[in-house]
Every structure is written in C-alpha cells, then in structure tokens.
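**Student:** Build me a model from this:
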Amino acid sequence: MRIPKISEGVIRLATTVIASLLPNLGFGAGYDTVLRGGMIYDGSGGPPYSADIAIDNDKIAFIGTVSKDDLDATARVMDISGLAVSSGFINVLSWANESLLIDGRSLSDIRQGVTLEVFGEGSSMGPITPAMRTRMTQQNTDLNYDIPWTTLGEYLDHLVAQGVSPNVASFVGATTVRIHELGYDNRQPNPEQLSRMQALVEQAMLEGALGVGSSLIYAPAFYAQTGELIALMNSAARHGGSYISHLRSEGNRLLESLDELIYIAEQTRAPAQIYHLKIAGQSNWHKMDAVIKKIEAARARGLMISANMYSYTAGSTGLDASMPPWVQEGGYSAWRYRLRNPDIRQQILQEMITPTDAWENLLLAAGPDNTLLVGFNNPKLRAYTGKTLTEVARLRGQTPQEAAIDLVVEDGSQVQVIYFLMSEDNVARTMALPWVSYGSDAASLASEGIFLNRSTHPRAYGNFARVLGEYVREQKVLTLPKAIQKLTQLPARQLGLRLRGTLAVGFFADLTVFDPMLVRDNATYTDPHQYATGVIHVFVNGQPVLLHTKHTGRLPGRVVRGPGWAGWADKNH
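**Tutor:** Numbers count the residues shown, from 1 in each chain. Sure thing, here's the model as predicted:
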C-alpha cells in the first residue's frame, strides 16, 4: 500500500492545532520559559507566523497564545516581539572537538545561534590506540588537555561531562580507523586488518556515531582505495549510518572524485554528503554546471546525495596541501625528515610547481600571493601571521616553495594557512541549492585568552551570521525561510537526527532568537577574532545559554547520537 506524502504545511498546521488544545487539557502549568510574540521560522521553509513558544524542561511544550492563566509565578516570560525565532543552527562541519575541551562555552558559534556541533571530517577523537594517544598529547601545543578516553563514544561522554554549551555529535573518521590499524603507511589493509577496521566502525556506530567521515585529499587518507571506504561504509550502513566526505579533489579531478562518492552511495545504499562543496582554482570554476547536473541526476535515481558549504571564497588547511602525499607517508616526523634531505627536497620543489592531476596542490591552485599564513606552533614564527607566502618568502630571501618547506620544518607542524581558491559567483550559486546545508569547517573559539595566540579563518566567528546577513539580507541569494530551513531542518534530516532541527511541539528546545535586520558577521581575514552580532538569545535543551547577547555560563549540551545507538528511538534522545 502506498502511503501518501503529507506536506510540511499540513504537519505544521496539525501541530499548531493540537498544541493549542494542550493548555485546556491541563498541560500548560509548569512552563519554565515563554517567549512571547516572536516571528516563528519553523524550519519547513514556509512563511513565518507570530506566536508564543512555551518551554517545559528540555522540550517545546506549546506554540500559540499563552495566557496569564497558563503561567505560574516561576515562569520566565520574555518579550521577543520584532525578532525571529527558529530552531538552533546545526554546524554540519565543526572542528570544535578540541577547542570545546578548553572552553565549553563555544562563544564564537553560540553567538551565531549554533546549538549543535558535528565533528568527524576524516579524523575523529576515537577510536585511538596508546600510540595515537601519545601522538595527540605531543601535538597539543596551545590547547593542552587530558585524553582519558579510548573510543569515540567515551570522548563524547567525556566532553559533555566536562560541560559544553552546545550539543555535540560525530562521525567516525575513516582516517582515524586507518591509522588505528595501519599507521601512516601507504599500503592497503589485508583482510584481517580490514575486518578489524570494520569492527571499529561498528563499535563507533553502536556508541552513536552518525556514520563514516573521510577526508581524501590528505595523507594517509589519500592512500585509501574506494573498496576500503565501501567496506567501512557497509558496517556503518547496517546501523543506519551515512557517508560524508572531503572529496579526493575539488579542482582538476573534481568530477571524477564526485563519481567516487556517488559510487560509494550506490554500493552501500547509504546517504552520502559532500563536505564544503566548492570548486578550487580559477581554471576549474566552469565545472559548477557539471557538478550540479551529476548530483541532481543521482538524486533523481533515488540516491540521497547532498552537500554542505561555508560562506567564503577562501578555504583553510595546512601547507601539507602544497606538497605531494608520498613525502608525508609515515606521519609528520617522517615528512620532516624527508624535507631536510637535499635530494628529496629538490624533487619536492619541482613537484610543487608542476601541474598534475595525481594529487591536489592547493598552493598551485591559489598561488603564493593568495596563500595567507595564520597558524604557527613556534612562537618565533608568529611574526609571519597575517602575511602571504609571497611576502614571507621575500623576507626570507627564498622562493615561496622553499619557504613553505622550511616553515613546516621549523614550526613542527603542517602550518595553518588560508587559500583563496573559489569564485564568489559559485559560492552564491551553491548557497541557494536546496540540498546544501552549512558548516564552518572551523573550531568554536573565544576572542580572549589562549585562542588569541594564533589567527584563524573568519568563518570560525562568522560563517552562519554571514549566511543570514550577506546572502539573505544583502545579496538576496535566498529567502530567510529557506536559509533557516538549510540551517536547521535540512541538516537534521541529512544526518538522521531525531527531535532536532524543527521548531515544533515535542522537539527539543534548541532555539535561536535573532534580529534579521541586524545579524551580521564582523570577522575579517586580517582581524578574525570578532564575534558576530544580531543573535540575541540562544537556548539549548531548554536552558538559556545566551541572554540579551551575553553568555549565561550554562553548559547544558548533550551528546546527540546516531541510529546505531541502542537508545536512539527513545523519545527523550
């Protein structure tokens, strides 16, 4: 029997009618908070409407008109007339997995209305071996934290036990699983190793992972073949998990890399999502039509292909993306050793300036004039922060490629940089695609203390506010209801989340209240540590974490788990 599809409008109307009856049935008493008179954007993409919202404990209890008779003396009543209210925003690609261990307030994202941080772009905080724990400890430079966990689930529980303002969730990293069994070597797993890798994925799924995340541009993920990824995804798919991937190429071999993601979705029958959909390098910008055509053709065949993006024309990663993957085999120490070998160095220098489809050379795609240095471990190098690679090379009397190699050697790290790679026209076009959600691809920081030791990409402070200010209000690339849908309900459905992402009775009270006329990003490439403005109040699980633009100090965030977790179907998850 074919069950007819019920429209979002009908669902919204039914929810409102049923909710309007609840006070008369005696369910109104005991509201913790009532938000009066806001314009409700429920996440469906439909027009907003004015109503009161009542919160009871951690859920939305009522939407309609709340009379004084329905309140008791302890209820907090807030007038939000003239403001927009929506479900809290979902950061589909967050690197706050370490920064939240240092400062659980998540200020740069909370002040943009983000109530859920989703980790796992290739790397995840578990599962780890003792050797991996040692390496993580050694890599802790500014951000020092203990590592008492072993599995991904244990990490998430540890993070929430420490206290965080937003909710958190994670994919299990295909790179992490590979390192767990194969280290940093360029080799393929034998059947026994692959079986153990699959078991690690299955364990993570049972602990609540959302699926498998890969990041195939970087070593050692670069070494993984498609069959390995399919095997890992088969383990995740059995538990309802999805696949999400930084493609092998976002430039010269973008279309071929997209074909791989679609093939993995076909073979596993699992949803698949593209991390930060973009086209890198001016010579590739014309490929956007073909990318959209491929994705929409796959969707028409019934495959659940989607994407996320950030709202800038520059990406940010390390100088490792300027050097061939073979030189990075074995991890940083082996990479650094090779960089100091004169013969190998000459070979690397030649490859860094030679166009190729064999690996993704972001320095060649952006050019040294458009490569901005932002993150150093070595305090002696931090004077270069905010300078282009061309400028630093000139100061050092080197070519940009020589400077890049020596900076990696001297810093003890990959060195964080910003690559200006994308077309504004392509960014604006991607912004409006109905199957694209948003992720910052950044940590959630504070403009104080240890976080000021290094610069960052402005997306860490402005990605979501920029969607609403620049692309909705200023450029009118998409409407506010559609933008809210792509910040809330769309990612919740892409990720398979329950009771999140929609402003409706019975859903968790993750709420963002903002002024559509004032919301804006303020962070810049030269001065990124600036909070966004225009978000007034934020609630997480019914608790106010931002009131009148000020953080309340509350840390009510929870772990949001995927469908493989035994308690997933529980109404209180």
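
**Student:** Burial check on Lys380, number of neighbours?
**Tutor:** Neighbour count for Lys380, taken as other CB atoms under 10 Å: 9. Just so you know, the C-beta spots here come from the backbone N, C-alpha and C atoms, and that holds for glycine as well.

**Student:** Is it located within a helix, as I assumed?
**Tutor:** Yes. Counting by DSSP: H, G, I helix; E, B strand; the rest coil, Lys380 is part of a helix.

**Student:** Can we start the residue count at 37 from this point?
**Tutor:** Taking 37 as the first residue, the last one we looked at is Lys416.

**Student:** and it, what is it in contact with?
**Tutor:** By CB atoms under 8 Å, 6 or more residues apart in numbering, the residues touching Lys416 are Glu446.

**Student:** cool, and Ile116?
**Tutor:** Taking CB under 8 Å, 6+ apart as the criterion, Ile116 is in contact with Leu71, Arg72, Gly73, Gly74, Val549, Ile572, His573.

**Student:** Show me the helices in the stretch 387-536 of the chain, by range?
**Tutor:** In the stretch 387-536 of the chain, the helices defined using DSSP state H, counting those that start in this stretch lie at 398-402, 425-432, 436-447, 460-467, 495-502, 516-523, 525-531.

**Student:** same check, this time on the stretch 237-386 of the chain
**Tutor:** 262-273, 290-304, 324-336, 368-375, 378-388.

**Student:** same for the fourth one, what does it pack against?
**Tutor:** For helix 368-375, the elements it packs on are helix 378-388, helix 436-447, judged by 3 or more CB pairs under 8 Å, 6 or more residues apart in numbering; DSSP states H and E.

**Student:** Checking Ile99 next. Helix, strand or coil?
**Tutor:** Per three-state DSSP, Ile99 ends up strand.

**Student:** what bridges to it?
**Tutor:** Assessed by DSSP bridges, Ile99 has beta-bridge partners Ile89.

**Student:** Quick one, grab the pLDDT at it.
**Tutor:** pLDDT recorded at Ile99 is 97.

**Student:** Just give the number of residues close to it.
**Tutor:** 24.

**Student:** Is it correct that it is in contact with Ala540?
**Tutor:** Yes. Ile99 sits in contact with Ala540 when judged by CB atoms under 8 Å, with a separation of 7.3 Å.

**Student:** Could you point out the helix or strand that follows the least confident helix or strand in the chain by mean pLDDT?
**Tutor:** Every helix and strand in the chain was compared by mean pLDDT, DSSP states H and E; the lowest is helix 44-57, with a mean of 48. Using DSSP states H and E, the next helix or strand after helix 44-57 towards the C-terminus is strand 69-77.

**Student:** Mind listing what's buried along that next one?
**Tutor:** Of all the residues in strand 69-77, those buried under the rule 16 or more other CB atoms under 10 Å are Thr69, Val70, Leu71, Arg72, Gly73, Gly74, Met75, Ile76, Tyr77.

**Student:** Using PDB, write out every CA atom in it.
**Tutor:** Only the C-alpha atoms of strand 69-77 are listed here, as PDB (Å, rounded to 0.1, in the frame of the first residue of the first chain):
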ATOM      1  CA  THR A  69      10.000  29.800  29.800                       C
ATOM      2  CA  VAL A  70       7.600  31.600  27.500                       C
ATOM      3  CA  LEU A  71       8.900  33.500  24.500                       C
ATOM      4  CA  ARG A  72       6.200  36.000  23.500                       C
ATOM      5  CA  GLY A  73       5.400  37.400  20.100                       C
ATOM      6  CA  GLY A  74       8.300  36.300  18.000                       C
ATOM      7  CA  MET A  75       8.200  35.500  14.300                       C
ATOM      8  CA  ILE A  76       8.500  31.800  14.100                       C
ATOM      9  CA  TYR A  77      10.500  30.200  11.300                       C
END
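
**Student:** residues making contact with that strand?
**Tutor:** 84-91, 99, 102, 107, 111-122, 516-517, 520, 539, 545, 547, 549, 573, 575, 578, 580.

**Student:** Filter those down to just the buried residues.
**Tutor:** 84, 87-91, 99, 102, 107, 111, 114, 116, 119-122, 516-517, 520, 539, 545, 547, 549, 573, 575, 578, 580.

**Student:** Lys95: which of the helices of the stretch 387-536 of the chain is closest?
**Tutor:** helix 525-531 (15.4 Å; CB to CB).

**Student:** mind checking how far His573 is from Pro225?
**Tutor:** Counting by CB to CB, to the nearest Å, the gap from His573 to Pro225 is 49 Å.

**Student:** I meant Phe487, not that one.
**Tutor:** Note on Phe487: its distance to Pro225, by CB to CB, is 38 Å.

**Student:** Which residue is the nearest non-sequential neighbour of Arg594?
**Tutor:** Distance criterion CB to CB, 6 or more residues apart in numbering; nearest residue to Arg594, sequence neighbours excluded, is Asn203 at 5.3 Å.

**Student:** partner residues bridging the one you found?
**Tutor:** When assigned by DSSP bridges, Asn203 has beta-bridge partners Leu152.

**Student:** Quick check: it touching Val574?
**Tutor:** No. Asn203 lies out of contact with Val574 (CB under 8 Å); the separation is 11.8 Å.

**Student:** These two: who's more crowded?
**Tutor:** Val574 (30 against 24).

**Student:** Surely the more buried one is in a strand?
**Tutor:** Yes. Val574: assigned to a strand according to three-state DSSP.

**Student:** and Asp263, how many neighbours?
**Tutor:** One thing to correct before we go on: residue 263 is Gly, not Asp. Gly263 has 13 neighbours, counted by other CB under 10 Å.

**Student:** Any figure for the gap between it and Ile300?
**Tutor:** Gly263 is 10 Å from Ile300, by CB to CB.

**Student:** and what of Thr187?
**Tutor:** Thr187 is 24 Å from Ile300, where distance means CB to CB.

**Student:** before we move on, back to that, next, format the helices of the stretch 237-386 of the chain as JSON lines and append mean pLDDT and distance to Thr466.
**Tutor:** Shown next, in JSON lines, are these (pLDDT from 0 to 100; distance: least, CB to CB, whole Å):
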{"stretch": "helix 262-273", "mean pLDDT": "98", "distance to Thr466": "24"}
{"stretch": "helix 290-304", "mean pLDDT": "98", "distance to Thr466": "13"}
{"stretch": "helix 324-336", "mean pLDDT": "98", "distance to Thr466": "8"}
{"stretch": "helix 368-375", "mean pLDDT": "96", "distance to Thr466": "33"}
{"stretch": "helix 378-388", "mean pLDDT": "97", "distance to Thr466": "29"}
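
**Student:** Verify the contact between Glu153 and Ser142 for me.
**Tutor:** Yes. The pair Glu153 and Ser142 qualifies as a contact (CB under 8 Å) at a distance of 7.0 Å.

**Student:** which neighbours do these two share?
**Tutor:** Shared contacts of Glu153 and Ser142, defined by CB under 8 Å, 6+ apart, comprise Ala132, Leu136, Pro202, Ser480.

**Student:** isn't the first one right up against Ile146?
**Tutor:** The reference is to Ala132. No. Using CB under 8 Å, Ala132 is not in contact with Ile146; the gap is 10.6 Å.

**Student:** which neighbours do these two share?
**Tutor:** Contact criterion CB under 8 Å, 6+ apart; residues shared by Ala132 and Ile146: Pro202, Ser480.

**Student:** Pick out whichever of the two has more residues nearby.
**Tutor:** Each of Ala132 and Ile146 has its neighbours counted (other CB under 10 Å); Ala132 has more, 28 against 24.

**Student:** I'd like to know the phi and psi angles of that one, please.
**Tutor:** Taking degrees, to the nearest 10, you get phi -90, psi 10 for the backbone angles of Ala132.

**Student:** PyMOL command for the buried members of the shared contacts of Glu153 and Ser142?
**Tutor:** Here is the PyMOL command that selects the buried residues among the shared contacts of Glu153 and Ser142 (16+ other CB under 10 Å):
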select buried, resi 132+136+202+480
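
**Student:** ok, the closest residue to Asn462 other than its chain neighbours to Val444 distance?
**Tutor:** Leaving aside its chain neighbours, Asn462 sits nearest to Met324 (5.1 Å; criterion: CB to CB, 6+ apart). Noted for Met324: a distance of 33 Å to Val444, by CB to CB.
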